[in-house]
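K.L.:
The sequence and its predicted three-dimensional model are supplied below.
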Amino acid sequence: MARLVVLGGGVSGHTAATFAAKWLGSAHEVVVVTPNSKWNWIPSNIWVGVGEMSKEEVTFDLAPVYAKAGINYKQAKALSINPEGSELLNKPFVTIEYTLAGREGMTENVEYDYLINATGPKLNFGATPGLGDANGLGEFTVSVCTADHAVHANEEFQKCIQKMKKGERQKFLIGTGHGLCTCQGAAFEYIFNIEHELNKAGVRDMADLKWISNESFLGDFGVGGLHMKSMGFAVSSKIFAESLFTERNVDWIIGAHVNKVEKGKVSYELLDGSMGEEEFDFSMLIPPFAGVGLKAYAKDGTDITATVFAPNGFMKVDANYSAGAYENWRASDWPKTYQNPTYGNMFACGIAFAPPHPISKPMSSPNGTPINPTPPRTGMPSGIIGKAVAHSICDRILQGENAPLHEASMAHMGAACVASAGKGIFDGTAAAMTIYPVVPDFEKYPGTGRDTDYTFGEIGLAGHWIKHILHHLFIWKAKLKAGWTLIPE
Amino acid sequence: MIREIITYPTPPSVEYATDVRVFNEEIFSLIGDMKDTIEANSLDGLAAFQIGSYYNVVVVKKEQGGDFLELINPRIISQSGKVTTVEKTAYFPKLSANVTRYETISLVYQDRFGNQHSLKADGDFSILLQRKIDYTFGSSFLNKLSKEEKKLFTKKLEFGSDVAISQSCPTIFKRDYITKAINALMLAMIILLIGSLFVSDETSAQFWQYQTYLFYGALALNVIYFFYAQYEGKRFTSCTSCQIGNIIGTAVISLVKFSVIMLLSYFII
């Protein structure tokens, strides 16, 4: 009997674990280690953050789902990996620390034959003074990165609405809280949902909305923007984003690295080296992501973290990490199998794998501060990668160690994204976008690096309906209800 | 080398680079061509996009000295103030539009060696840079126009001229009301014609009487339409094309229809 251990139960880890359990059956064991007791459909957190959904609607208990799937669920966080075992244990193992009520703080070594690292990111609030610290979110801003954060964000948002109803003008500042953030899409959704809710509450005229982000142009979204055919032109998402921001009367600051957050004020540095300050009454700033801080040790106890993980804490996989300067970047730099180059039985998927380089153009201020979005690995790609990795491991367990690995390169993968810009059955809007490939391939598609026949976007009410349907569809799939395998990632 | 400037309706290029990644002889040669084309056409600046190249390059004449400023991968990162001016661009020759832009902008760009620079611009220079940078992202100033201005500019595109577009066009012309009245008369005549099949001879004779009154009325309305429509057409010269042809055609078709109805009425009623 082989044992597969999956670290993390987010979109990627949950997809990998559930498919692996289905394909392997009861002859082999799948273990999921995740510190959370609930699964969270993160894309809907933005609706929790404006009071349009409850926490219960975007989360569910993992234990009964894993019990049904025959998965050994350990509510714990991973501390370290011993890919060669130790002097006491011959097999490779992961050291975990329980977070389960009643067993908090207890540690255990979980042996494995195969390991999937799908821990997701550490929300690195501590990277920006005032945004937070090692313990998480600070006191001056809110976040929608977790369901609990989103509940808190909505409480603060409702207070602002009450103030506006009493005639007190409020300033909303939404965006990214560091020069190296990703997930601009979530902040984009949040600012337009805020705007939509303010309209519904009849206080839009009492609010000033401002976007602040590390993108070098509006509509970059961490993928270097996308280009949509319009009247014979391939028009950049910059033009569409600027139109939307202007239409909704949302001002913007771009190319910004937020370097300090204080009560009611952020300080930032722009790409041209200038410094600025922006005041706010309500602010939601996405933190930068980092690896969760897993350590790795050799058999003799030597620290081999730098061998297994990149400096940012994400796990090294079969990517080309020595591509160097921007002009040398190739689509082929991106990983295909997500196998760790040193230890063939370890894989990483979702945000947990170390990307070879950004997708957006790397930029920095004259002061040397890097200010550019880091590459997104969330949503559809993370699900697809999780499934491909699970497939590879199942093949190796069932067919032997030489079974070929499945590939799911982001440079050969398309993705669809539906970004909400306001919730409502008849007055909701969302921007629906498809992009192919996610990572531009400038050799195959000279110019934009993408196939403009498969890269397009549209905003409207139908987009909102799709977004809402997807919410129910993906929660249905994650709960492993009838026909879950038929629902795509 | 002087290159041909692509003009509407040819799309400048449907494939273009988001950014220049390799700073090589190809880019230097492109910049040289852009400068030659600017000089030859007495322009203020050009985006590479306008001469069919998909590289993210803008060359503009500096405000003072007549020298050129080369901007590779430019990005506007901050802006302030709003100003609306009449703009022209080589892509839409002979046409202009009222475009609202930022008064002051700050941008970052790279030079031909890949070094990053920043620049603040205001006034006409700021507007020129904004217009050219829009091209590098696949957009002409058409995407920056207000709804009303875009409607007007679409008309200008249709006529290929700025001059004729001096007024906005009414949604409904008064002559359309006359046409509606003529159609109502025609409907009434058709009802009388069909009705005559189901009534006595005496009533039928009365119907014929009404039919002739309606016919004279229709004739009179057609005459009024013919002359009034021409008067209105002169007031709104730019609103539709082939005005006189349309007016004659509408009147003739209407008269033919009435004649047919009268002819049928004569034999049936």
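P.N.:
Nice, I can see it.
K.L.:
For the stretch 101-250 of chain B, give me the ranges with low pLDDT.
P.N.:
Residue ranges of the stretch 101-250 of chain B with pLDDT under 70: B:162-171, B:237-242.
K.L.:
Get me the contact residues on it for chain A.
P.N.:
Residues of the stretch 101-250 of chain B lying close to chain A (Cβ under 8 Å from any Cβ of the partner chain) are B:106-108, B:116, B:118, B:134, B:137-140, B:143. The C-beta positions use only the backbone N, C-alpha and C, and glycine is treated the same way.
K.L.:
Could you export the residues you listed as JSON lines, including neighbour count and secondary structure?
P.N.:
As requested, these are arranged in JSON lines below (neighbours: other Cβ atoms under 10 Å in any protein chain shown; DSSP: H, G, I helix; E, B strand; the rest coil):
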{"residue": "B:Ser106", "neighbour count": "21", "secondary structure": "strand"}
{"residue": "B:Leu107", "neighbour count": "24", "secondary structure": "strand"}
{"residue": "B:Val108", "neighbour count": "25", "secondary structure": "strand"}
{"residue": "B:Gln116", "neighbour count": "17", "secondary structure": "strand"}
{"residue": "B:Ser118", "neighbour count": "18", "secondary structure": "strand"}
{"residue": "B:Asp134", "neighbour count": "26", "secondary structure": "helix"}
{"residue": "B:Phe137", "neighbour count": "26", "secondary structure": "coil"}
{"residue": "B:Gly138", "neighbour count": "29", "secondary structure": "coil"}
{"residue": "B:Ser139", "neighbour count": "22", "secondary structure": "coil"}
{"residue": "B:Ser140", "neighbour count": "24", "secondary structure": "coil"}
{"residue": "B:Asn143", "neighbour count": "18", "secondary structure": "helix"}
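K.L.:
State the helix or strand in which A:Asn259 lies.
P.N.:
Per DSSP states H and E, A:Asn259 falls inside strand A:256-262.
K.L.:
ok, residues contacting that strand?
P.N.:
A:128-131, A:138, A:140-141, A:175-180, A:212-214, A:266-271, A:276, A:283, A:285, A:365, A:369-371 (Cβ atoms under 8 Å, 6 or more residues apart in numbering or on different chains).
K.L.:
Keep only these that also lie close to chain B.
P.N.:
Taking Cβ under 8 Å from any Cβ, the overlap between the contacts of strand A:256-262 and the neighbourhood of chain B is A:270-271.
K.L.:
domain ranges for chain B?
P.N.:
B:25-159, B:174-268 (automatic domain parsing).
K.L.:
Most tightly packed of these?
P.N.:
Of all the domains of chain B, domain B:25-159 has the most neighbours on average by mean count of other Cβ atoms under 10 Å in any protein chain shown, namely a mean of 18.
K.L.:
centre of the chain versus it, how much separation?
P.N.:
Domain B:25-159 has its C-alpha centroid displaced from the chain centroid by 21 Å (Cα atoms, centre = their mean, to the nearest Å).
K.L.:
End to end on that domain, go ahead and measure it.
P.N.:
End-to-end distance of domain B:25-159 (Cα to Cα, to the nearest Å): 42 Å.
K.L.:
hmm, back to that, what residues sit buried inside the strand holding A:Asn259?
P.N.:
The neighbour-count check on strand A:256-262 (16 or more other Cβ atoms under 10 Å in any protein chain shown) flags A:256-259, A:261 as buried.
K.L.:
same check, this time on stretch A:408-418
P.N.:
Judged by neighbour count using 16+ other Cβ under 10 Å, the buried positions of stretch A:408-418 are A:408-415, A:417-418.
K.L.:
nearest to chain B, of the residues you listed?
P.N.:
Distance ranking of the buried residues of stretch A:408-418 against chain B, using Cβ to the nearest Cβ, places A:Ala411 first at 15.6 Å.
K.L.:
what about the nearest residue to the closest one once chain neighbours are set aside, neighbour count?
P.N.:
What sits nearest to A:Ala411 in space, not counting adjacent residues and going by Cβ to Cβ, 6 or more residues apart in numbering or on different chains, is A:Ala331, at 3.6 Å. The tally of other residues near A:Ala331 (other Cβ atoms under 10 Å in any protein chain shown) stands at 19.
K.L.:
Identify the residues contacting A:Ala331.
P.N.:
Contacts of A:Ala331 (Cβ under 8 Å, 6+ apart): A:409, A:411-412, A:437, A:439-444, A:449.
K.L.:
Could you pick out the buried ones from those residues?
P.N.:
A:409, A:411-412, A:437, A:439-442, A:449.
K.L.:
biggest separation within those, which pair?
P.N.:
A:Ser409 and A:Phe442 (15.0 Å; Cβ to Cβ).
K.L.:
Just the CA atoms of stretch A:332-343, as CSV, please.
P.N.:
Output of stretch A:332-343 as CSV, limited to C-alpha atoms (Å, rounded to 0.1, in the frame of the first residue of the first chain):
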residue,chain,number,x,y,z
SER,A,332,9.4,26.9,-21.9
ASP,A,333,10.8,28.2,-18.6
TRP,A,334,7.5,27.3,-16.9
PRO,A,335,7.1,24.0,-15.2
LYS,A,336,5.2,21.1,-16.9
THR,A,337,5.1,18.3,-14.4
TYR,A,338,5.6,20.2,-11.1
GLN,A,339,8.0,17.5,-9.9
ASN,A,340,10.8,18.6,-7.5
PRO,A,341,14.1,18.3,-9.4
THR,A,342,15.9,16.8,-6.4
TYR,A,343,13.3,14.4,-5.0
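K.L.:
Do a quick rundown of the helices in the stretch 351-489 of chain A.
P.N.:
In the stretch 351-489 of chain A, the helices defined using DSSP state H, counting those that start in this stretch lie at A:379-399, A:461-478.
K.L.:
Make a markdown table from the ones you listed and add mean pLDDT, mean neighbour count and distance to chain B to it.
P.N.:
As requested, the helices of the stretch 351-489 of chain A are exported to a markdown table (pLDDT from 0 to 100; neighbours: other Cβ atoms under 10 Å in any protein chain shown; distance: least, Cβ to the nearest Cβ, whole Å):
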| stretch | mean pLDDT | mean neighbour count | distance to chain B |
| --- | --- | --- | --- |
| helix A:379-399 | 95 | 23 | 20 |
| helix A:461-478 | 94 | 18 | 20 |
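K.L.:
and B:Ala181, which of the ones you listed is closest to it?
P.N.:
That would be helix A:461-478 among those, by Cβ to Cβ, at 40.3 Å.
K.L.:
Which parts of the stretch 151-300 of chain A are strands?
P.N.:
A:170-176, A:207-212, A:227-230, A:233-236, A:251-253, A:256-262, A:265-270, A:275-279, A:282-286, A:289-290, A:295-296 (DSSP state E, counting those that start in this stretch).
K.L.:
Would you mind finding the most buried of the ones you listed?
P.N.:
Of those, the one with the most neighbours on average (mean count of other Cβ under 10 Å) is strand A:282-286, at a mean of 26.
K.L.:
Kindly list the longest strand within the chain.
P.N.:
Because you didn't say which chain, this covers chain A. Secondary structure of chain A per DSSP state E: the longest strand is strand A:72-82.
K.L.:
To clarify, I was referring to chain B.
P.N.:
Max-length strand for chain B by DSSP E is strand B:68-88.
K.L.:
could you check the distance from the residue positioned nearest the centre of chain A over to B:Phe198?
P.N.:
Taking Cα atoms, centre = their mean, the centroid of chain A lies closest to A:Thr378, which sits 4.0 Å from it. If you measure A:Thr378 against B:Phe198 using Cβ to Cβ, to the nearest Å, the figure is 75 Å.
K.L.:
again with B:Ser96
P.N.:
In terms of Cβ to Cβ, B:Ser96 sits 64 Å off from B:Phe198.
K.L.:
And B:Phe236, by the same measure?
P.N.:
Here B:Phe236 is placed at a distance of 46 Å from B:Phe198 (Cβ to Cβ).
K.L.:
did I read that right, B:Met189 in a strand?
P.N.:
No. In this structure, B:Met189 is helix, not part of a strand, as judged by DSSP: H, G, I helix; E, B strand; the rest coil.
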